[in-house]
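In: Below is the sequence, then the predicted model.
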Amino acid sequence: MKISFETVEYVAGLARLNLSEKEKEMMVVSMSGILEYMDKLNSLDTEGVKPLEHVEPMSNVFRKDVVAESFDRDSILANAPDKEEGAFRVPKIVE
Amino acid sequence: MRRIKKRVLLESQKLLSKVNFLNIGKLTIKEAADALQNKEISVIELTEKFFDRIDNIDDKINAYVSICRKQALADAAEAQALINEGGGGIMTGIPMAVKDNICTETIETTCASKMLGNFKPPYTATAIEKLRNDGAVLLGKANLDEFAMGSSTENSYIKNTRNPWDVNRVPGGSSGGSAAAVASGQALFALGSDTGGSIRQPAAFCGIVGLKPTYGTVSRYGLVAFASSLDQIGPLTKTVEDSAIVLNSISGKDPKDATSIDSGIADYTEGIKRGVKGMKIGIPRQYLSGEIAVGVRNKIEAAIDSYEKMGAVCEETSLDLADYAIAAYYIISSAEASSNLARYDGVKYGFRSSNYKNLLDLYKNTRSEGFGAEVKRRIMLGTYVLSSGYYDAYYKKALQIRTLIKNEFDGLFKKYNCILGPTTPTTAYKIGEKTDNPLEMYLGDVFTVSVNIAGIPAISIPCGNDESGLPVGMQLIGSAFSEKTLFQAAYAYEREHPFAIAPEVQA
């Protein structure tokens, strides 16, 4: 399926990406080519076939509900681009 | 007379040092472990020999993105102490490389992305932890396609890795650094990750052995997620036996990965030398027709003859859905990637754009500046196929076809012990040859992706070289948890056709 410039803009918004005009144009071409190739799946009849999300026949995996050691705050914050008083720092989100 | 004698002496000295140098390139885990246990060489000497080699040739190959010399020498000393006490096992003191999307505590784990350029994980992946507990020595981290998305390692943000057989060609990908490190003798083995062929394809291009284990065999804890239902860590080695030795170390159930499974196999090397007499091998006709290079086809056909001579029963069969696997794979893997990579938002770790006014800006600019072109394309594709209105047509359809592909393999394994074919349709191509056409790059994964879709194991082993002298990879595919059968079949071929190593890289 060919996709439009507008669709690329819409999907980029959903994916939280800012694409330049040139990137968008390139994305229209490459994504259209790939999606057209993927359309070959439509030639297979899959009526009534169960989708397979995962190959393992397992459902829930539980552990015992006991307190265990977890990472200390400093090691988790060590990679933070910005932090303050033991917390991640982000721009103000409420007025 | 005297002059001649002197020259002979000089030549022989030169030869001796050359042999010494080459031996490191040829050495296997098995041989190194014997030499270490017999005290022919110390772990520190061995480790230093590898660092010397890295210093000498890696600027030609670019296999490594970082080196951990200090830690490695400390680990080597510890391993030697263990050997001196009469302890240690086969992995004690064995130098390794690890793909840089597998986490190492306090050592940068970049995924070859600007996004994780300075990321130092607070923990180590279970697979590496297990190897280090067994005494293996981490030399450094190996290059890859950014976030393991690619088939040539050209999508690395850091550098291009080169194929040791021809430095103008790609090493394959995405575990291209791991494969090139082993093939050029810069590590005794390496860990890679395989989502759609990322261990097997570079192993094929570099003329070494690459194993994608059954999904769940190796814990994914600490493997930076690309497509969680397809990703699996596995070994890249020079020989089949080495592959089994590494799998012994890294496999097993891990409470930190709910999808990991105890396969119940205690020793993957057991029975490896049994041969293939009476083994039934299926050859899907789709794997030897269509867009496959003549040089590859010839070698695979010769390998089939060889298996028949060894007593295996080879039979042509059909994988009708082979032609649909690429489309299904790129839908499923991109969908999972778009979800997994949503975590890179510039808040908790990794790169943050300096250009933002509010939180949405911060997210968008961080992601736009931090990800490379291919990663953005996969995120876009994945977001698109999961979006309202297209979910059923693409994502659900691909998952239905996944069911059909798995069923088709299940049917084949009722008749055959394993499936044989080429790992890749061509040998290694030139750097830059396929970078302009992503779809063409994707189509190169035609023989490897269906294995991940079905969650089954497959091994790529060298089976000679094409007319340009480049290695050809043969793939053996088995049913879930049949790694021992694959090792047995691969070992039989290797015994008849010992693998060649890459020509010496000129320092």
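Out: Looks like it arrived, so ask away. Because the structure is predicted, anything quoted here is derived from the model rather than measured.

In: CA atoms only for stretch B:206-221, dumped as PDB, please.
Out: Coordinates of the C-alpha atoms in stretch B:206-221 are reproduced here as PDB (Å, rounded to 0.1, in the frame of the first residue of the first chain):
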ATOM      1  CA  CYS B 206      32.700 -14.100   8.100                       C
ATOM      2  CA  GLY B 207      33.100 -17.900   7.700                       C
ATOM      3  CA  ILE B 208      32.500 -18.900  11.300                       C
ATOM      4  CA  VAL B 209      29.800 -20.800  13.300                       C
ATOM      5  CA  GLY B 210      26.700 -19.000  14.600                       C
ATOM      6  CA  LEU B 211      23.900 -20.400  16.700                       C
ATOM      7  CA  LYS B 212      20.400 -19.100  17.300                       C
ATOM      8  CA  PRO B 213      19.200 -21.200  20.200                       C
ATOM      9  CA  THR B 214      15.500 -22.200  20.700                       C
ATOM     10  CA  TYR B 215      13.600 -19.200  22.100                       C
ATOM     11  CA  GLY B 216      13.800 -19.200  25.900                       C
ATOM     12  CA  THR B 217      17.100 -21.300  26.100                       C
ATOM     13  CA  VAL B 218      19.200 -18.300  27.000                       C
ATOM     14  CA  SER B 219      17.900 -15.600  29.400                       C
ATOM     15  CA  ARG B 220      17.300 -12.200  27.700                       C
ATOM     16  CA  TYR B 221      17.800 -10.400  31.000                       C
END
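
In: And chain A, is that stretch touching that?
Out: Yes. Using Cβ under 8 Å from any Cβ of the partner chain, stretch B:206-221 comes into contact with chain A via B:Y215, B:G216. For every residue, glycine as well, the C-beta is placed using N, CA and C.

In: Quick check: most distant residue from the centroid of chain A.
Out: A:V66 (31.8 Å; Cα atoms, centre = their mean).

In: Report the contact partners of residue 82.
Out: Just so you know, I chose chain A. Contact analysis of A:D82 by Cβ atoms under 8 Å, 6 or more residues apart in numbering or on different chains lists A:F88, A:R89, A:V90, B:R352.

In: my bad, chain B
Out: B:L82 sits next to B:G88, B:T92, B:G135 when contact means Cβ under 8 Å, 6+ apart.

In: Let's see that with 6 Å instead.
Out: Taking Cβ atoms under 6 Å, 6 or more residues apart in numbering or on different chains as the definition of contact, the neighbours of B:L82 are B:G88, B:T92.

In: follow-up on the earlier one: local confidence estimate at the residue farthest from the centre of chain A?
Out: Confidence at A:V66, expressed as pLDDT, is 94.

In: all strands of the chain, in order?
Out: I'll assume chain A. Taking DSSP state E as the criterion, chain A carries its strands at A:83-84, A:87-88.

In: Can you look at chain B instead?
Out: Counting by DSSP E, the segments of chain B that form strands are B:64-67, B:95-99, B:137-142, B:189-193, B:209-212, B:233-237, B:280-284, B:313-317, B:418-422, B:458-465, B:471-477.

In: Please identify the most buried of those.
Out: Among those, strand B:209-212 has the highest mean neighbour count (mean count of other Cβ atoms under 10 Å in any protein chain shown), at a mean of 32.

In: What strands line up against it, and which way round?
Out: Strands that pair with strand B:209-212, judged by DSSP bridges, come out as strand B:233-237 (antiparallel), strand B:458-465 (antiparallel).

In: For that strand, give the mean pLDDT please.
Out: Throughout strand B:209-212, pLDDT has a mean value of 98.

In: can you check stretch B:477-496 too?
Out: Confidence over stretch B:477-496 (mean pLDDT, whole number) is 98.

In: closest one to chain B among the strands of chain A?
Out: Ranking these by their distance to chain B (criterion: Cβ to the nearest Cβ) puts strand A:87-88 first, at 5.5 Å.

In: Is that closest one positioned near chain B?
Out: Yes. With Cβ under 6 Å from any Cβ of the partner chain as the measure, strand A:87-88 is seen reaching chain B through A:F88.

In: Looking at that strand now, give me its mean pLDDT.
Out: The model assigns strand A:87-88 a mean pLDDT of 96.

In: Now do the same contact list for residue 80.
Out: Using chain A. When the contact criterion is Cβ under 6 Å, 6+ apart, the partners of A:A80 are A:F88.

In: oops, I was thinking of chain B
Out: Taking Cβ under 6 Å, 6+ apart as the criterion, B:Q80 is in contact with B:S42, B:V43.

In: which residues does the nearest residue to B:S66 once chain neighbours are set aside bridge with?
Out: Excluding the flanking residues, the one nearest B:S66 by Cβ to Cβ, 6 or more residues apart in numbering or on different chains is B:K141, at 4.8 Å. On the basis of DSSP bridges, B:K141 takes part in beta bridges with B:S66, B:V98.

In: Tell me the confidence at B:K141?
Out: 98.

In: circling back to that earlier point, adding mean pLDDT and distance to A:K24, write the strands paired with strand B:209-212 out as CSV.
Out: Supplementary listing: these in CSV, determined by pLDDT from 0 to 100; distance: least, Cβ to Cβ, whole Å:
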stretch, mean pLDDT, distance to A:K24
strand B:233-237, 98, 36
strand B:458-465, 98, 38
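
In: which bits of chain A sit near chain B?
Out: Along chain A, the residues adjacent to chain B under the rule Cβ under 6 Å from any Cβ are A:11, A:14-18, A:30, A:33-34, A:37-38, A:40-41, A:46, A:49-52, A:54-56, A:61, A:71, A:75, A:79, A:81, A:88, A:90-91, A:93.

In: So which of these belong to helices?
Out: A:V11, A:L14, A:S30, A:G33, A:I34, A:Y37, A:M38, A:S75 (DSSP state H).

In: Kindly write the PyMOL command that selects the buried subset of these.
Out: In PyMOL, this line selects whichever of these come out buried by 16 or more other Cβ atoms under 10 Å in any protein chain shown:
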select buried, chain A and resi 11+30+34+38
